[in-house]
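>>> build me a model:
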Amino acid sequence: MNTWKLEIEYDGTRYRGWQERHNERTIRGELMNAARQLFASKVEIAGAEGTDAGVHALKQIAHLKASELQEDVTPRMLMQGFNDVLPYDINILKVRNAPENFHARKHVIAKQYLYKISTRRTAFDKNFVWWVKKELNTRKMQGAVKMLDGRHNFSSFCDIDDTAGKNSTVKVEHAEIFLDNDLICFRMMADRFLWSMVRRIVAMLVEVGKGKFNDTNFQRLLKFPAKTPPEFVAPSSGLFLEKIYYKS
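A predicted model of the protein is given here:
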């Protein structure tokens with residue numbers, strides 16, 4: 001089995017997420033359409049993380065497997081071939097040969113997301129930030145973020161259907177709030193992520209920044225999971241899958 005590791009970036013604005021959906025445009029769907037043009041035989045493409053509708057990726061990882069090749073195919077040929085036929089908002093950054101048993105999702109040890117909050121109206125980045133008009137107290141937000149490190153039950157921060165009969169415990173390796181010019185950025189690295197988890201955490205951090213929610217309320221959600229998640233969900237526009245980690 002010929003196997004390759006793909007590094008992919010994409011603007012998720014026009015897509016209904018990573019995973020294929022009937023009669024809807026998705027990132028994996030576009031990759032499969034491109035693969036059908038490049039390969040005569042059936043191929044397998046699987047991603048490390050199933051990003052949601054409207055979510056972007058700075059570096060998604062996927063594996064590509066093909067059983068039969070009529071000629072030798074180099075990683076460079078594959079990258080050029082895909083990028084020639086993919087839509088403008090999906091780009092293959094790198095292609096590498098991989099062991100036959102490499103699986104983009106099953107071999108992941110950690111994932112990292114980045115969320116961008118804009119403190120001003122922007123003419124260019126509307127699809128890539130969440131503009132919060134009210135001034136935010138970043139010091140209070142940073143205080144709340146420190147509580148995320150470690151292992152917690154995050155059922156209070158995800159869609160309720162995602163926790164039904166499932167383990168909602170996540171180990172957070174690192175979480176931080178930092179400033180980048182007009183942006184307030186939230187970065188989180190964990191062993192796994194639940195559906196809408198980052199967007200709900202960001203939404204509650206913004207409530208902390210506005211002074212409508214305090215550290216105690218935030219900590220209570222971590223220690224005592226709510227029966228229903230908070231109603232606030234940050235827009236998908238500001239969310240980026242930033243990095244996938246594997247054992248070296």
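>>> helices along this structure, start to end?
Using DSSP state H, the helices of the chain run over residues 27-38, 75-85, 138-145, 160-163, 197-210, 215-223.
>>> would JSON lines of those with mean neighbour count be doable?
Bear in mind the C-beta positions are built from the backbone N, C-alpha and C, glycine included. Putting the helices of the chain into JSON lines (neighbours: other Cβ atoms under 10 Å) gives the following:
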{"stretch": "helix 27-38", "mean neighbour count": "18"}
{"stretch": "helix 75-85", "mean neighbour count": "15"}
{"stretch": "helix 138-145", "mean neighbour count": "19"}
{"stretch": "helix 160-163", "mean neighbour count": "14"}
{"stretch": "helix 197-210", "mean neighbour count": "23"}
{"stretch": "helix 215-223", "mean neighbour count": "15"}
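>>> which one, of those, ends up nearest to Lys111?
Between Lys111 and those, the shortest gap by Cβ to Cβ is with helix 197-210, which sits at 10.1 Å.
>>> got a list of contacts for the closest one?
Residues external to helix 197-210 that are found in contact with it (Cβ atoms under 8 Å, 6 or more residues apart in numbering): 113, 115, 117, 130, 132, 134, 136-138, 140-141, 143-145, 148, 154, 157-158, 170, 177, 184, 186, 188, 213-215, 218, 221, 229-230, 232-236, 238-239.
>>> and the angle from that helix to helix 138-145?
Relative orientation of helix 197-210 with respect to helix 138-145: 140 degrees, computed using axes from the mean of the first three to the mean of the last three Cα atoms, to 10 degrees.
>>> just want the angle from helix 197-210 to helix 215-223.
For helix 197-210 against helix 215-223, the angle by the same axes, to 10 degrees is 160 degrees.
>>> remind me which residues of this protein are low pLDDT?
Across the chain, the ranges flagged by pLDDT under 70 are 70, 160-165, 227-230.
>>> between the helices of the chain, which one is closest to Ala53.
Relative to Ala53, the nearest member of the helices of the chain by Cβ to Cβ is helix 27-38, separated by 10.3 Å.
>>> thinking again about what came up before, nearest to Lys94, of the helices of the chain?
Comparing these under Cβ to Cβ, the one sitting nearest is helix 75-85, at 7.0 Å.
>>> quick one: end-to-end length of stretch 126-146, please.
Stretch 126-146 has its terminal residues 29 Å apart, counting by Cα to Cα, to the nearest Å.
>>> now find how far off-centre that stretch is within its chain.
Stretch 126-146 has its average C-alpha position 19 Å from the chain's average C-alpha position, going by Cα atoms, centre = their mean, to the nearest Å.
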